[in-house]
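Q: give the three-dimensional model of this entry:
(4 chains)
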Number of protein chains: 2
Amino acid sequence: MQMTHCVAANNPVFSSTKQELVEEKNFATLSKALSHPARIRILSILLKLDKLGGCLNSDLVSKLGLAQSTVSEHLRILKQAQFISAEPIPPKMCYRINKKNINAYLSLFSSILN
Amino acid sequence: MQMTHCVAANNPVFSSTKQELVEEKNFATLSKALSHPARIRILSILLKLDKLGGCLNSDLVSKLGLAQSTVSEHLRILKQAQFISAEPIPPKMCYRINKKNINAYLSLFSSILN
DNA sequence: TATACTAATCGTGTTTTAACGATTAATAGT
DNA sequence: ACTATTAATCGTTAAAACACGATTAGTATA
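A: Below is the predicted model of the structure:
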């Protein structure tokens, strides 16, 4: 059964609070961090590594088929979105998935679109 | 308590099945469709309208502060990702949110990152 | 202090996204 | 058949994302 009722532009559903707009913009920004296959691959690996305790950029390079600088940039983007964190274990870096913020993304999604 | 164990590149967590890679790429593509504030705004409005039965491009224009052609392009992207569907009710179009695929995105997310 | 190793940053070229106005296509109503 | 209305498409410009090689910075160890 199709509904074909059309709603006028002055309907309250079109309006939004400042807070709603902030949340939506925030969600869009986080989604952008998730919008590249290599970054999802990285997160997927880091999730599996979570119990084992981290990961190395140089190891990722050999598995992703991307240049070191490219992988570094993807890691930067994921870190900026706080989906991962980085701890220096000289001379290497130990990247970890940030499960809390992964779940926060889900919550935000539900808050906006459920 | 921090774990600092480092994992070698030949660890099985670095490998992946063809199917996993396809899922990840698919998820990244869907995330890209969600990576713009205007598109989230549109989805949010369409969700609220869901019970009322749809929405009009021209009405959206007046509320989003974007040109008609720009809104049309955002709608095209959302439709391509199957987050919305379009039914012509001449001379207007009736856009609807596709809740099923919204939920499918959540499932995909959980399947990859949980 | 010098060396070796890792990851971040820089500079560059290429591709993709975003936004707009203008035009076109489609259709209902006159 | 003509007009009015709506949304898609086209063409253009500007901005951002992506990828790479080369360089730099930082740190532990010799």
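Q: the helix or strand of chain A with the lowest mean pLDDT and DNA strand D, any residue contact?
A: In chain A, no helix or strand scores lower on mean pLDDT, DSSP states H and E than helix A:57-64, which sits at a mean of 82. No. Applying C-beta under 7 Å from any atom of the strand, one finds helix A:57-64 out of contact with DNA strand D, separated by at least 8.3 Å. The C-beta positions use only the backbone N, C-alpha and C, and glycine is treated the same way.
Q: hmm, that helix touching DNA strand C?
A: Yes. On the criterion C-beta under 7 Å from any atom of the strand, helix A:57-64 is in touch with DNA strand C at A:57, A:58.
Q: beyond that helix, next helix or strand please.
A: Next in sequence after helix A:57-64, counting helices and strands by DSSP states H and E, comes helix A:68-80.
Q: restricting to C-alpha, output that following helix in CSV.
A: Extracted in CSV, the C-alpha atoms of helix A:68-80 (Å, rounded to 0.1, in the frame of the first residue of the first chain):
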residue,chain,number,x,y,z
GLN,A,68,53.7,4.0,3.3
SER,A,69,52.8,7.7,3.1
THR,A,70,49.3,6.8,1.9
VAL,A,71,48.7,4.4,4.7
SER,A,72,50.0,7.0,7.1
GLU,A,73,47.4,9.4,5.7
HIS,A,74,44.6,6.9,6.2
LEU,A,75,45.7,6.3,9.7
ARG,A,76,45.7,10.1,10.3
ILE,A,77,42.1,10.4,9.1
LEU,A,78,41.0,7.5,11.3
LYS,A,79,42.8,9.0,14.3
GLN,A,80,41.3,12.4,13.7
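Q: give the rounded mean pLDDT of that helix.
A: Across helix A:68-80, the average pLDDT comes to 97.
Q: same thing with stretch A:95-113?
A: For stretch A:95-113, mean pLDDT is 96.
Q: using CSV, write out every CA atom in that stretch.
A: This file holds the C-alpha atoms of stretch A:95-113, laid out as CSV (Å, rounded to 0.1, in the frame of the first residue of the first chain):
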residue,chain,number,x,y,z
TYR,A,95,47.6,1.6,16.6
ARG,A,96,44.5,0.5,18.3
ILE,A,97,40.9,0.5,17.4
ASN,A,98,38.7,2.7,19.7
LYS,A,99,35.7,0.5,20.2
LYS,A,100,34.0,3.1,22.3
ASN,A,101,33.8,5.5,19.5
ILE,A,102,32.9,2.8,17.0
ASN,A,103,29.9,2.2,19.1
ALA,A,104,29.3,5.9,19.5
TYR,A,105,28.9,6.1,15.7
LEU,A,106,26.2,3.5,15.9
SER,A,107,24.4,5.4,18.6
LEU,A,108,24.6,8.6,16.6
PHE,A,109,23.3,6.8,13.6
SER,A,110,20.3,5.5,15.6
SER,A,111,19.7,8.8,17.2
ILE,A,112,19.4,10.5,13.8
LEU,A,113,17.9,7.7,11.7
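Q: before we move on, back to that, and the least confident helix or strand of chain A, what does it pack onto?
A: If you count contacts as 3 or more C-beta pairs under 8 Å, 6 or more residues apart in numbering or on different chains; DSSP states H and E, helix A:57-64 packs onto helix A:37-49, helix A:68-80, strand A:92-97.
Q: and those, which is most packed in?
A: helix A:37-49 (a mean of 22; mean count of other C-beta atoms under 10 Å in any protein chain shown).
Q: quick one: that helix to strand A:92-97, angle?
A: Orientation check (axes from the mean of the first three to the mean of the last three C-alpha atoms, to 10 degrees): helix A:37-49 against strand A:92-97 gives 90 degrees.
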